[in-house]
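Chemist: return atomic coordinates for the entry below.
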Amino acid sequence: MLTQTTTRVLEPSDLGAALAVLESDPVANAFVTSRVQAAGLDPWRLGGEMWGWYADGRLRSLCYSGANLVPVGATPEAVRAFADRARRAGRRCSSIVGPAGPTARLWRLLEPSWGPARDVRPNQPLMVADRPSPDITPDPYVRRVRKDEMDVIMPACVAMFTEEVGVSPVAGDGGLLYQARVAELVGSGRSFARVEDGKVVFKAEIGAATSRACQIQGVWVAPEHRGRGLSETGMAAVLRYALADVAPLVSLYVNDYNAPARAAYRRVGFREVGAFMSVLF
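Modeler: Numbering: from 1, shown residues only. I've put the predicted structure just below:
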């Protein structure tokens, strides 16, 4: 039995069908869903194209192609179609990130023309929490960052990004885009920190947010304060804010080799439900 398939760039009129695909996994798809809900499918507003893979006239899989390349609900056949389109377009993204299986297949197909990558992180446990742990008391000093505290939070954000990704976010454009993203999170009340003597001791953000799930990112403790349990109590505080104000499910993903962080998140109330993969250029 033959199956008719096609791949094309989605248009604003495809929004309902795209959201149906995205909502099939609200946790894994939180990043892309949050962007689509906020901006629709117009490439200029979305910050990239949304590719759709159709089988028998029905939209089955998606791939967001912007600063990141992100497969969504991508079957092996859809991955091959997305890889062909990405190869023809040439690499314009700074990373490929998404559920480990489809992302690994996508990278295997793209590596001959897009490689080598600067770093490949093949197994990043995806963790989720729907209630706080009774064993960890939230840090009462962790609070939302105020709009007039950009000069306080930015050095910590730059330090976190550089430590995690391996390059500075202020390279290239002097950090204008990165500062705008941090300001957006601060302005929307999704940036949290403990500040002592004008310096950030702990910080984290709720990066992607929908009504069904949100994603914590950018968790960082100042080096001189590490080993004091601040990541656990700080994360407990952010989790409490997220569950109360944002969504009933809170997620994050972490490098598999970061055993201390994984253990800390489990103590806070997170459990592993899957895995992501990241390819960094």
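Chemist: list the residues that contact the nearest residue to Ala159 once chain neighbours are set aside.
Modeler: Nearest residue to Ala159 in three dimensions, chain neighbours excluded: Trp220, at 6.9 Å (Cβ to Cβ, 6 or more residues apart in numbering). Any C-beta I mention is one placed from the backbone N, CA and C, and that applies to glycine too. By Cβ atoms under 8 Å, 6 or more residues apart in numbering, the contact list for Trp220 reads Ala156, Cys157, Ala159, Met160, Glu163, Val200, Phe202, Lys203, Ala204.
Chemist: helix, strand, or coil at Thr137?
Modeler: At Thr137, secondary structure determined by DSSP: H, G, I helix; E, B strand; the rest coil is coil.
Chemist: now it: closest residue in space, sequence neighbours ignored.
Modeler: Thr233 (6.4 Å).
Chemist: would you agree the one you found falls within a helix?
Modeler: Yes - under three-state DSSP, Thr233 falls within a helix.
Chemist: any weak-confidence spans in this protein?
Modeler: For the chain, the stretches with pLDDT under 70 are 1-3.
Chemist: center of it - which residue?
Modeler: Phe31 (5.3 Å; Cα atoms, centre = their mean).
Chemist: now that one, nearest residue through space, not along the chain?
Modeler: Phe31's closest residue in space is Ala208 (Cβ to Cβ, 6+ apart), at 4.4 Å.
Chemist: ok, back up a step: on the three-state scheme, the residue nearest to Ala159 is what?
Modeler: strand.
Chemist: what is it paired to in the beta sheet?
Modeler: Trp220 has these beta-bridge partners by DSSP bridges: Lys203.
Chemist: likewise Val279?
Modeler: In beta-bridge terms (that is, DSSP bridges), Val279 pairs with Ile96, Val120.
Chemist: again, but for Val195
Modeler: Under the criterion used (DSSP bridges), Val195 bridges to Val200.
Chemist: so Phe281 sits against Trp107, correct?
Modeler: No - assessed by Cβ atoms under 8 Å, Phe281 is found out of contact with Trp107, at 11.1 Å.
Chemist: okay, these two: which has more neighbours?
Modeler: Taking neighbours as other Cβ atoms under 10 Å, Phe281 and Trp107 compare with Trp107 leading, 21 against 15.
Chemist: against Asn29, how distant is the more buried one?
Modeler: Trp107 sits 19 Å away from Asn29, going by Cβ to Cβ, to the nearest Å.
Chemist: go on, Pro122?
Modeler: From Pro122 to Asn29 the distance is 20 Å (Cβ to Cβ).
Chemist: ok, Val279 next?
Modeler: In terms of Cβ to Cβ, Val279 sits 18 Å off from Asn29.
Chemist: mind checking which of the contacts of Trp220 are buried?
Modeler: Ala156, Cys157, Ala159, Met160, Val200, Phe202, Lys203, Ala204 (16 or more other Cβ atoms under 10 Å).
Chemist: touching, the fifth one and Ala222? I think so.
Modeler: Yes - counting by Cβ under 8 Å, a contact exists between Val200 and Ala222, whose distance comes to 6.5 Å.
Chemist: I'm done for today, thanks for sticking with me.
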